[in-house]
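Student: Kindly generate the corresponding structure for this input.
(one chain, ligands or ions: 1)
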Amino acid sequence: MLMYDIVIIGAGTAGMSAAIYGVRSGKKVLLLEEKNYGGQIVNTPEVENYPGIIKTSGFEFATNLFNQAKSLGAEIKYEKAVEIKNNGVLKEVITNKETYETKAIIIATGAKNRSLKLDKEKELIGSGVSYCATCDGMFFRGRDVAVVGGGNTALEDAMFLSNYCKKVYIIHRRDKLRGEEKIAKAISEKDNIEMVWNSNVVKLIGDDKVEGITVKNSVDGSEKDIQVSGLFIAVGQEPDNYDFEEVVELDDKGYVVAGEDCKTESRGIFTAGDCRTKNVRQLTTAASDGAVAAIGACEYIDSELDTKNTK
Ligand code: NAP
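Tutor: Below you'll find the model as predicted:
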């Protein structure tokens, strides 16, 4: 069995930041990633609120972080962690391919896109339904599309799409946006973006591809159809930590329970980033969590664990 000091589950901002701090403390670090490195930030066209970086793209940010972690010595494997066994001093992380023995674990699984749970939503992914405007926006050049949500992701997606699409509808369930004022102002100045307030998408129109949506007004209960070729769903994220619920406590929404020290109830198991219970989920707080969790893991290995071994 391959042996590491720290196994980090998830190569998003939190996981990659943790890897940097882990290897720089002289630890043998394995970073496990199910899909692609970068996590959610990869899909953000512009990052303007990371201290010290005036402007970058999410992809560039993530790629720099990935190269930094790798060049410093973190090992990266594309495998899905499916189980953790907490055997005390030495723990096991079991993936779809291997089992790794490790002294400490950092769960940094982030969060996945929340679905609207519409009929045919899953079937029509790639045929008009998308969760990533940066990835799929180009396919809708010159056409009408809708974005659902009122947070920063939805607003940034709408801004991005408005550069290529004929018209962009933003469907939001309230009459007030959750996203930042700066982007909201930019949206209001765009001629080809129309706000559809107090409304929920209740139906996807089209059999093999999206041809339109039905929206329901939550104030007067009226319904109307809007013809669009694409529906970009940006209604936030939800965690996916149930594979680890035997070893760490999850809250009622599935987030790993831990405080600002990133320590879970299981000694030697830490958590970092959007998958953790916290109030503010931002790029900066994900990076911060990565550092806190890795330093905590190193301290645990160097002091707590060594003391335990010598007793
Ligand atoms: P979010 O801030 O949680 O916003 C989700 C939006 O979707 C909200 O407007 C919410 O409505 C709506 N919503 C949730 N469930 C819904 C449902 N079932 N049906 C219809 N609408 C629903 O998520 P996010 O926009 O993905 O942003 C996540 C975090 O990343 C935020 O902290 C955000 O600031 C950050 N972010 C930062 C940047 C950047 O700095 N460049 C870019 C993107 C995201 P309500 O408002 O009514 O709750």
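
Student: tell me, how many neighbours does G126 end up with?
Tutor: The number of residues packed near G126 is 10, by other C-beta atoms under 10 Å. C-beta here means a position set from N, CA and C on the backbone, and glycine is covered the same way.

Student: how close does it get to I53?
Tutor: With distances defined as C-beta to C-beta, to the nearest Å, the gap from G126 to I53 amounts to 33 Å.

Student: Is there proximity between stretch 49-56 and the ligand?
Tutor: Yes: interface with the ligand: stretch 49-56 contributes N49 (C-beta under 6 Å from any ligand atom).

Student: List of residues touching that stretch?
Tutor: Applying C-beta atoms under 8 Å, 6 or more residues apart in numbering, the set of residues contacting stretch 49-56 from outside is 46-48, 61, 282-284.

Student: When you filter these down to buried only, what's left?
Tutor: By neighbour count, with 16 or more other C-beta atoms under 10 Å, the contacts of stretch 49-56 hold 47, 61, 283 as buried.

Student: how about the residue in the stretch 151-300 of the chain that the ligand sits nearest to, phi and psi?
Tutor: Shortest the stretch 151-300 of the chain-to-the ligand distance, computed as C-beta to the nearest ligand atom: residue-wise this is G151, at 2.4 Å. Comment: the main-chain dihedrals of G151 come out as phi -90, psi -180, following degrees, to the nearest 10.

Student: near the ligand, which residues of the chain show up?
Tutor: Close to the ligand, as judged by C-beta under 6 Å from any ligand atom, the chain has residues 44, 47, 49, 114, 116, 148-154, 156, 173-174, 178, 200, 234-237, 281-282.

Student: Mind giving me the ChimeraX select for those, buried ones only?
Tutor: The ChimeraX selection below is limited to those of the residues of the chain next to the ligand classed as buried (16+ other C-beta under 10 Å):
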select :44,47,116,148,149,150,151,152,153,154,156,173,200,234,235,237,281
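
Student: Next step: the residues of the chain next to the ligand restricted to helices.
Tutor: Within those, membership in helices is found for 152-154, 156, as judged by DSSP state H.

Student: quick one: strands adjacent to the host helix or strand of V93?
Tutor: When elements are assigned from DSSP states H and E, V93 belongs to strand 91-95. With DSSP bridges as the criterion, the sheet partners recorded for strand 91-95 are strand 81-86 (antiparallel), strand 99-107 (antiparallel).

Student: Just the C-alpha atoms of it, please, in PDB.
Tutor: The C-alpha coordinates for strand 91-95 follow below in PDB (Å, rounded to 0.1, in the frame of the first residue of the first chain):
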ATOM      1  CA  LYS A  91      -5.800   6.000   8.100                       C
ATOM      2  CA  GLU A  92      -6.800   4.700   4.600                       C
ATOM      3  CA  VAL A  93      -8.200   6.600   1.700                       C
ATOM      4  CA  ILE A  94      -9.800   4.200  -0.800                       C
ATOM      5  CA  THR A  95     -10.300   5.400  -4.300                       C
END
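
Student: contact partners of it?
Tutor: Where contact means C-beta under 8 Å, 6+ apart, the residues beyond strand 91-95 that reach it are 1, 7, 9, 32, 77, 79-85, 99-105, 268-269.
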